[in-house]
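S.K.: build me a structure from this.
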Amino acid sequence: MDVKPSMVTPAVLRVSRRLTSGLVAAFVAECTVGSSGRWLVVGPLSIRMLLFLGCLLVAIPILWHERRYLARESFLWVVAAFLAALCVSAVWAHHLHNSNAFIAADLTTFSALLLVPTVLALRLTVSEVERLLSILFWGAVALALATLTLHVLAPLGVIDVNALSQWLMRHSLGGLTDVGDGILRIYLRSEVLFIPALLLGVRRLATRNQPQPTHGRLHHLGYLVGSTVLTMGLVLSLTRSLWMGTLTALVVFFVWCARDLAALLRSLGLVLAGLAVLVGLSAAVYGGPALLRASAERLSPRLVVLLPSSDATTPTGTPTPTSPTGTSTTTPTSSTTPTTSGPSTQPGPSPTAAPEPDPEQPDPNADAVQIRSRTLVLTKEKIRERPLTGWGIGYNLDEIRDDGRTEYLYWDLLMKLGAPGLALFLVLYAWTPVRLLTRRASLTGPASSAGVLSASLAGVAVTSYFNPFLNSTLGIVILVLLVAVAAAPPDTGG
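M.R.: Predicted coordinates:
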């Protein structure tokens, strides 16, 4: 139903804006701690889907009121072009008889892009954006603290690790894997948001003029402790791609804020000193540097597959291609278990489902490495066959898997969308950071927040080479926040 101009009164706009702002904040908080968003399900809808739909519905009055402003926003035309490319690819995929379930899953992963016009229509101030970033920071700290607590308590036998791992799998949150010496690899999909949270903590530690300066030293101490716990959480993930993404994000952030480099390095030094204390605590609990040994083993070059290997062969025991069922987990993921990455309504895996091969999980028989290499070989072959049109979204490498799962995001997008579709995807994520760089000097208020989020996107882009995050809600929420920063009036805060 169209909203008539007479219906959009100032009172309606105020209510719409207040409700939408609250739901956006709740959405950010849920993404930060909720991994795939399926920890709470109401009928066929996950909590994330409910929040997502709620944002879109209550924002209708302000979207209508701001329609002319939105029509002038060039980035929205980029978003529209990419979504149109997805729709065309879906039609092409249906023509090629790709699985309808896999097509729907690939479409669902990008649905959070519809929040971009909503956030733009809100015209958030700098202080409002900073509050959203604070929600992300403290939510990520809470999740990292949970992983640290589990790491400390696991060897004491007070936690049933197997039961907890099954619970995490059942709710599509992540998984636990014993990597030796009693060390658990604690993989939670929302850990990718530790990257912007850590950068935000370092930035606020380095900034003397805090949004609430009356907190003084206690305020700084909170960010120091929080940033230290976040860094430990990244270590405990034992995920190389997250480590690579974090390092990339820090380098980009320091370059972006080169004028404040000395203060930022001092802040990072304090965080690393705190990390050393936590690593020492781990050594005391485990009776030695077990965590350091496990981390060193995760850096083994033999576990990293960057490019296709021509001698890769199909591993023995790979599943025969079958048609997906209604209970299959079809959304591409990268955790230790099948999970749902976007605001999807697909049911999660059953409690007894075996975990999927993890693109970063060491395999003593080298099967995991062989599967990854074989995936790249087959993907490269498919790209050569249809480099422009691709094979359509939802395409599955039936030769080696039957779950429609995405690995190696950019190769996967090139195979499915073709070169034009991949180019649009890259433009989608590069557009706002590039525009910010061209007018960086005028962003007196949110400049550092722009640096945090732009550098975070760069880090997540590196992580996404291995694990698909940029095509999920967890990657898109960073883009949405960056768009909000870019649209915030520069003279309304600091």
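
S.K.: which positions in the helix or strand bottoming out on mean pLDDT in the chain come out as buried?
M.R.: Taking mean pLDDT, DSSP states H and E as the measure, the chain has helix 367-385 as its least confident helix or strand, at a mean of 84. Residues of helix 367-385 classed as buried: 368-379, 382-383 (neighbour count, 16 or more other CB atoms under 10 Å). Every residue, glycine included, has its C-beta placed from N, CA and C.

S.K.: could these go into a markdown table alongside distance to Leu19?
M.R.: Shown next, in a markdown table, are the buried residues of helix 367-385 (distance: CB to CB, whole Å):
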| residue | distance to Leu19 |
| --- | --- |
| Ala368 | 46 |
| Val369 | 49 |
| Gln370 | 51 |
| Ile371 | 46 |
| Arg372 | 45 |
| Ser373 | 50 |
| Arg374 | 49 |
| Thr375 | 44 |
| Leu376 | 46 |
| Val377 | 50 |
| Leu378 | 47 |
| Thr379 | 44 |
| Lys382 | 45 |
| Ile383 | 45 |
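
S.K.: list the helices and strands the least confident helix or strand of the chain packs on?
M.R.: helix 409-438 (3 or more CB pairs under 8 Å, 6 or more residues apart in numbering; DSSP states H and E).

S.K.: pull the CA atoms of the least confident helix or strand of the chain into PDB?
M.R.: Extracted C-alpha coordinates of helix 367-385, given in PDB (Å, rounded to 0.1, in the frame of the first residue of the first chain):
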ATOM      1  CA  ASP A 367      41.700 -34.600   3.000                       C
ATOM      2  CA  ALA A 368      40.600 -31.100   3.900                       C
ATOM      3  CA  VAL A 369      43.500 -29.500   2.100                       C
ATOM      4  CA  GLN A 370      42.800 -31.700  -0.900                       C
ATOM      5  CA  ILE A 371      39.200 -30.700  -1.000                       C
ATOM      6  CA  ARG A 372      40.100 -27.100  -0.900                       C
ATOM      7  CA  SER A 373      42.500 -27.500  -3.700                       C
ATOM      8  CA  ARG A 374      40.000 -29.500  -5.700                       C
ATOM      9  CA  THR A 375      37.400 -26.900  -5.100                       C
ATOM     10  CA  LEU A 376      39.600 -24.200  -6.600                       C
ATOM     11  CA  VAL A 377      40.500 -26.400  -9.600                       C
ATOM     12  CA  LEU A 378      36.900 -27.100 -10.400                       C
ATOM     13  CA  THR A 379      35.900 -23.500  -9.900                       C
ATOM     14  CA  LYS A 380      38.600 -22.400 -12.300                       C
ATOM     15  CA  GLU A 381      37.400 -24.900 -14.900                       C
ATOM     16  CA  LYS A 382      33.800 -23.600 -14.600                       C
ATOM     17  CA  ILE A 383      34.900 -20.000 -14.900                       C
ATOM     18  CA  ARG A 384      36.800 -20.700 -18.100                       C
ATOM     19  CA  GLU A 385      33.600 -22.300 -19.600                       C
END
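
S.K.: show me where this protein dips below the pLDDT cut-off.
M.R.: Low-confidence segments of the chain, defined by pLDDT under 70: 1-7, 208-216, 301-368, 439-447, 490-494.

S.K.: can you show me the strands along it?
M.R.: 41-42, 45-46, 174-178, 184-188 (DSSP state E).

S.K.: can you lay out those strands as CSV showing distance to Phe469?
M.R.: Below are the strands of the chain laid out as CSV (distance: least, CB to CB, whole Å):
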stretch, distance to Phe469
strand 41-42, 22
strand 45-46, 18
strand 174-178, 13
strand 184-188, 13
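
S.K.: redo those as JSON lines? Include mean neighbour count and distance to Leu63.
M.R.: Listed next are the strands of the chain as JSON lines, based on neighbours: other CB atoms under 10 Å; distance: least, CB to CB, whole Å:
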{"stretch": "strand 41-42", "mean neighbour count": "14", "distance to Leu63": "25"}
{"stretch": "strand 45-46", "mean neighbour count": "22", "distance to Leu63": "22"}
{"stretch": "strand 174-178", "mean neighbour count": "20", "distance to Leu63": "35"}
{"stretch": "strand 184-188", "mean neighbour count": "25", "distance to Leu63": "33"}
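
S.K.: out of the ones you listed, which gets nearest to Leu275?
M.R.: Shortest distance between Leu275 and the strands of the chain, using CB to CB, is found for strand 184-188: 16.0 Å.

S.K.: give me the sheet partners of the closest one and which way each runs.
M.R.: According to DSSP bridges, strand 184-188 forms sheet pairs with strand 174-178 (antiparallel).

S.K.: ok, back up a step: the least confident helix or strand of the chain versus helix 409-438: what angle between them?
M.R.: Note on geometry: by axes from the mean of the first three to the mean of the last three CA atoms, to 10 degrees, helix 367-385 and helix 409-438 are set 80 degrees apart in direction.

S.K.: go ahead and confirm Ala290 touches Leu184.
M.R.: No - using CB atoms under 8 Å, Ala290 is not in contact with Leu184; the gap is 10.6 Å.

S.K.: so Ser373 versus Leu268, what's the distance?
M.R.: 36 Å (CB to CB, to the nearest Å).

S.K.: please name the residues that touch Met415.
M.R.: Met415 makes contact with Thr379, Lys382, Ile383, Gly390, Trp391, Tyr395 under the criterion CB atoms under 8 Å, 6 or more residues apart in numbering.

S.K.: what about stretch 400-419, start to end distance?
M.R.: One end of stretch 400-419 to the other measures 24 Å (CA to CA, to the nearest Å).

S.K.: can you start the count at 32 instead of 1 from here on
M.R.: I'll keep to 32 as the first residue from here, and by that count the last item is stretch 431-450.

S.K.: so which bits of that stretch are buried?
M.R.: For stretch 431-450, by 16+ other CB under 10 Å, it's 431-440, 442-449.

S.K.: do the same with stretch 42-56
M.R.: Ser47, Arg48, Leu50, Thr51, Ser52, Leu54, Val55, Ala56.

S.K.: outside of it, which residues touch it?
M.R.: Counting by CB under 8 Å, 6+ apart, 82, 85-86, 89-93, 96, 146, 149-150, 153, 155, 159, 162-163, 166 sit against stretch 42-56.

S.K.: what's the burial count for Ala314?
M.R.: 14 (other CB atoms under 10 Å).

S.K.: what's around the residue nearest to it when sequence neighbours are not counted, how many residues?
M.R.: Nearest non-adjacent residue to Ala314, counting by CB to CB, 6 or more residues apart in numbering: Pro320, 5.2 Å away. Around Pro320 sit 15 other residues, with neighbours defined as other CB under 10 Å.

S.K.: what's the spacing between the nearest residue in space to Cys86 that is not next to it in sequence and Ser47?
M.R.: Among residues not flanking Cys86 along the chain, Leu54 sits closest, at 4.6 Å (CB to CB, 6+ apart). Relative to Ser47, Leu54 is positioned 11 Å away (CB to CB).

S.K.: and for Thr40?
M.R.: Computed as CB to CB, the Thr40 to Ser47 distance reads 10 Å.
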